[in-house]
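# Any chance you could fold what I've pasted below:
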Amino acid sequence: MNVQKVRKDFPNLAIKVRGVPLVYLDNAATTFKPEAVINTIDEHYRHGTSNVHRGVHYLSEHATLAFEGARRKVRKFLNARSEHEIIFTRGSTESINLVAQSYGGTFLKPGDEIIISHMEHHSNIVPWQMLCDRNGCILKVVPINDDGEFIFGEYLKLLSPKTKLVSVVYVSNSLGTVNPVKKIIEAAHAKGAKVLIDAAQAVTHTAIDVQALDCDFLVFSGHKIFGPTGVGVLYGKEELLNEMPPVQGGGDMIKSVTFARTTYNVLPYKFEAGTPAVAEVIGLGAAIDYVQAIGLPAMAAHKKELLAYGTKMLSAVSGLRLIGTAKEKTSILSFVIEGIHPHDLGTIVDEQGVAIRTGHHCTQPVMDRFGVPATARASLAFYNTKEELDVLVKAISRAKEIFHA
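Numbers count the residues shown, from 1 in each chain. All right, here's what the predicted structure looks like:
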């Protein structure tokens, strides 16, 4: 992969901040968008704006073709059995909430147990807590070790006939840990439990085959895969989605409406009430095309090199402690520096054109586990370079000088 060539596809990489070239290392929060995605969305708004599904005129027909074409791309990308299994949402958070409210609210009863892990994003904690408050379910948490790894033996101890649902992250956004999701799913199914996989961070790191994984649900967000914000995907096995009630009522999710009763539409439209994010869905389709043209293996190989280089460079910084050192991890480098609060560090490196994320990264239980209020996080994409990591280390050195750390 020619990194310098692909960098030209991303206009944001060419900008300057504070008078110096931008070094963008906040890809776990959101990724930049290539020209192909920007142009696709621009073309829709300039020459193809229309609502989908309902119209018989030219623009509506073409918008519908593009919209449903994106669904076909997502189905193929995930290797789902059917396009009926692909539900468009606003993102991973809404997808998880949909499952919690619809599947959980319908099929989980008082005393049923839900298992999550200690490394979950808040969006994979709070919806289940809310469900437990409503339905009387019990939430159980798989611990992680000092390297930030899922303790599989403890997970097996938590599994029981009472376990009805397991919801775990594929790749931790704050640690970079890659979880053994295939084994997690197999163990849960052996107890009769359903499994949801949060793949928000995984979609750019590895090819995902939902049939091979045999997960019951899987979610991801468009903006994590070089696509637009405001759009995401819920994959669900068709037989489960058919049994689940819709969580929102309105247009497009109905077959017929009278004041006496409403008949709901078939999948996937049953869960897509109202006017969808048409441009964003079409843009997501373009993002998937772009990623597949580059090739996930090539992207992963480059990020593996960056991770190794970044780990080496940061480990050599005195007073720096890496948070998340799992044997299986992706290109996320979270760390703290003795004597410098992460927010102060983020401010200083920003003055030198380096964008990193600081805070709890919507994983406050992870921060509590490692005894820190927050971390600094450099998260790498395939368009980043070793030279940018050198700039980060130089910026950190400057912060250490300022704070005498």
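# tell me the phi and psi of Ile114?
The phi/psi pair for Ile114 (degrees, to the nearest 10) reads phi -120, psi 130.
# Run a quick neighbour tally on it.
Number of residues near Ile114 (other Cβ atoms under 10 Å) recorded here: 26. Bear in mind the C-beta positions are built from the backbone N, C-alpha and C, glycine included.
# Please apply the same query to Ser315.
Ser315 is flanked by 13 other residues according to other Cβ under 10 Å.
# tell me the contacts of it?
Leu322 (Cβ atoms under 8 Å, 6 or more residues apart in numbering).
# any idea how far Thr106 is from it?
Remark: distance between Ser315 and Thr106 (Cβ to Cβ, to the nearest Å) = 49 Å.
# Same question for Arg81.
Arg81 is 22 Å from Thr106, by Cβ to Cβ.
# what about the strands in the stretch 201-350 of the chain?
217-221, 232-236, 254-257, 262-264, 320-322, 332-337 (DSSP state E, counting those that start in this stretch).
# tell me which strands and helices the last one is in contact with?
Taking 3 or more Cβ pairs under 8 Å, 6 or more residues apart in numbering; DSSP states H and E as contact, the helices and strands that strand 332-337 lies on are helix 296-315, strand 320-322, strand 375-379, helix 386-402.
# Pipe those into JSON lines and attach distance to Pro342 and mean pLDDT per row.
As requested, the helices and strands packed on strand 332-337 are arranged in JSON lines below (distance: least, Cβ to Cβ, whole Å; pLDDT from 0 to 100):
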{"stretch": "helix 296-315", "distance to Pro342": "14", "mean pLDDT": "97"}
{"stretch": "strand 320-322", "distance to Pro342": "12", "mean pLDDT": "97"}
{"stretch": "strand 375-379", "distance to Pro342": "4", "mean pLDDT": "98"}
{"stretch": "helix 386-402", "distance to Pro342": "10", "mean pLDDT": "97"}
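# per-residue confidence for Val354?
Looking at Val354, its pLDDT stands at 98.
# Just grab the bridge partners of it for me.
Val23 (DSSP bridges).
# can you check Ile254 too?
Tyr264.
# And for it, the neighbour number?
Number of residues near Ile254 (other Cβ under 10 Å) recorded here: 16.
# Look up how far Asp198 lies from it.
Distance from Ile254 to Asp198, by Cβ to Cβ: 30 Å.
# ditto for Leu333
Taken as Cβ to Cβ, the span from Leu333 to Asp198 is 21 Å.
# which one of these two has more residues nearby?
Neighbours per residue (other Cβ under 10 Å) separate Leu333 from Asp198, with Asp198 holding more: 29 against 26.
# re the thing from before, quick one, which of the helices and strands packed on strand 332-337 gets closest to Arg261.
Among the helices and strands packed on strand 332-337, helix 296-315 comes nearest to Arg261, with 46.5 Å by Cβ to Cβ.
# List the buried residues for that closest one?
For helix 296-315, a neighbour-count test (16 or more other Cβ atoms under 10 Å) marks 296, 299-300, 302-303, 306-307, 310-311, 313-314 as buried.
# swap in stretch 31-44?
Quick answer for stretch 31-44 (16+ other Cβ under 10 Å): 31-34, 37-38, 40-41, 44.
# In terms of residue numbering, what are the domains of this structure?
For the chain, automatic domain parsing gives the domain ranges 3-30+295-402, 38-292.
# what's near enough to touch Val6?
Applying Cβ under 8 Å, 6+ apart to Val6 gives the contacts 294, 382-383.
# and it, what element?
Val6 is part of helix 3-7, with elements assigned from DSSP states H and E.
# chain center to that helix: distance?
Mean-position distance between helix 3-7 and its chain equals 24 Å (Cα atoms, centre = their mean, to the nearest Å).
# do the same with stretch 186-194
23 Å.
# As a quick check, tell me the outermost residue of this protein.
Ala260 (40.7 Å; Cα atoms, centre = their mean).
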